[in-house]
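# sequence plus predicted model, see below.
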Amino acid sequence: MTSSQDNIYAKPYQKVSDFQFDDKVAGVFNDMIRRSVPGYGQIINTIGDLAHKNATPNSKIYDLGCSLGAVTLNVRRRLEGRNCQIIAVDNSESMIERCKQNLSAYVSETPVKLICGDIRDIEIEQASIVILNFTMQFLAPVHRERLLKKIYDGLLPGGILVLSEKLYFEQDRIQATLDDLHLDFKRANGYSELEISQKRSSLENVMKPDTLQQHEERIRAQGFDQFSVWFQCFNFASMVAMK
Ligand SMILES: Nc1ncnc2c1ncn2[C@@H]1O[C@H](C[S@+](CC[C@H]([NH3+])C(=O)[O-])CC(=O)[O-])[C@@H](O)[C@H]1O
Ligand SMILES: O=C(O)C(=O)Cc1ccccc1
């Protein structure tokens, strides 16, 4: 997987524009997400484990907002002999182009259908697992409930949703403390104060985190039977919901 260093926000901008998953970001994305999201590597590996344990024969697995294909690559290695199909979707052409190259670097018996499109427009059916790994936070809040309903409807009985998100906390001191620990994580990974503050402004209008309570309520309202956080580090969490 390409791993050029992310220095997109290293020089000062007069005006920071809204964050976009364009070619510049796609070219450094592997480095960016690992240095920005605590637990990312562990989450990716555990999604592979969850797929290994939950993918049923002849079912479909959806990786929604696949970026460079980290989830798809990990899941694909763990599905041997089950006649599953992976559907990986992203609406950034630059991500999809690079994802295609990353997938072709390994052989696998599991077919991957790569779709360049909006996750709101794709059909979900016969799914044993649907993964939204840090993708729903970029969808405008008004579209989130309908997406989750579509996922619920497309899951087979017993199917699972894995949802990873940055969280927001209503308790102000908790919010400030976990946010500060996240910033320390970024500093420890070599990001400067300028990089951190410019990226923060660029994300402001684009990425809208929900609280854990909002996630749980909305997920349960679709009919999911069981729900839990299975990973949390600071203000980043991964949840699992079971139909
Ligand atoms: N409406 C949409 N339709 C399709 N794609 C979208 C949409 N909105 C955003 N995206 C895509 O969702 C991805 C979010 S990154 C996911 C990381 C990956 N899951 C990983 O495990 O490495 C998370 C992050 O950058 O924090 C980007 O590639 C967007 O183009
Ligand atoms: O960088 C951040 O502050 C984040 O919240 C996570 C992130 C990671 C990669 C792209 C966009 C946001």
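Structure's in. What do you need? Ligands and ions are numbered 1, 2, ... in the order given.
# C-alpha only now, for contacts and for neighbours.
OK.
# can I get the top helix by length along the chain in CSV, CA atoms only?
Using DSSP state H, we find that the single longest helix of the chain is helix 172-188. Presented in CSV, the C-alpha positions along helix 172-188 are these (Å, rounded to 0.1, in the frame of the first residue of the first chain):
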residue,chain,number,x,y,z
ASP,A,172,-17.7,19.1,28.5
ARG,A,173,-14.7,18.0,30.6
ILE,A,174,-14.7,14.5,29.2
GLN,A,175,-14.9,16.0,25.6
ALA,A,176,-12.0,18.3,26.3
THR,A,177,-9.9,15.6,28.0
LEU,A,178,-10.3,12.9,25.3
ASP,A,179,-9.8,15.5,22.6
ASP,A,180,-6.6,16.6,24.2
LEU,A,181,-5.3,13.0,24.5
HIS,A,182,-6.1,12.6,20.8
LEU,A,183,-4.1,15.8,20.0
ASP,A,184,-1.2,14.4,22.1
PHE,A,185,-1.4,11.2,20.0
LYS,A,186,-1.0,13.3,16.8
ARG,A,187,1.8,15.3,18.3
ALA,A,188,3.6,12.1,19.3
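# quick check, the next helix or strand after it touching ligand 1?
Sequence-wise, the next helix or strand downstream of helix 172-188 (DSSP states H and E) is helix 193-203. No. Judged by CA under 6 Å from any ligand atom, helix 193-203 and ligand 1 are separated, with a smallest distance of 9.9 Å.
# what is helix 193-203 packed up against?
In terms of contacts (3 or more CA pairs under 8 Å, 6 or more residues apart in numbering; DSSP states H and E), helix 193-203 is packed against helix 172-188.
# tell me who's in contact with the nearest residue to residue 36 once chain neighbours are set aside.
Ranked by CA to CA, 6 or more residues apart in numbering and with sequence neighbours excluded, the top spatial neighbour of residue 36 is residue 186, at 5.7 Å. Listed by CA atoms under 8 Å, 6 or more residues apart in numbering, the contact set of residue 186 reads 35-36, 196.
# how about low-confidence regions in this protein?
2 (pLDDT under 70).
# show me where it has its helices.
Here the chain has its helices, by DSSP H, at 23-36, 40-54, 70-76, 93-104, 144-154, 172-188, 193-203, 212-221.
# deepest-packed of these, please.
helix 70-76 (a mean of 22; mean count of other CA atoms under 10 Å).
# so residue 239 sits against residue 160, correct?
No. With contact defined as CA atoms under 8 Å, residue 239 does not count as touching residue 160 (10.3 Å).
# burial count for the closest residue to residue 60 other than its chain neighbours?
Spatial nearest neighbour of residue 60, chain neighbours left out: residue 127 (4.5 Å); criterion: CA to CA, 6+ apart. Number of residues near residue 127 (other CA atoms under 10 Å) recorded here: 28.
# fine by me, thanks again.
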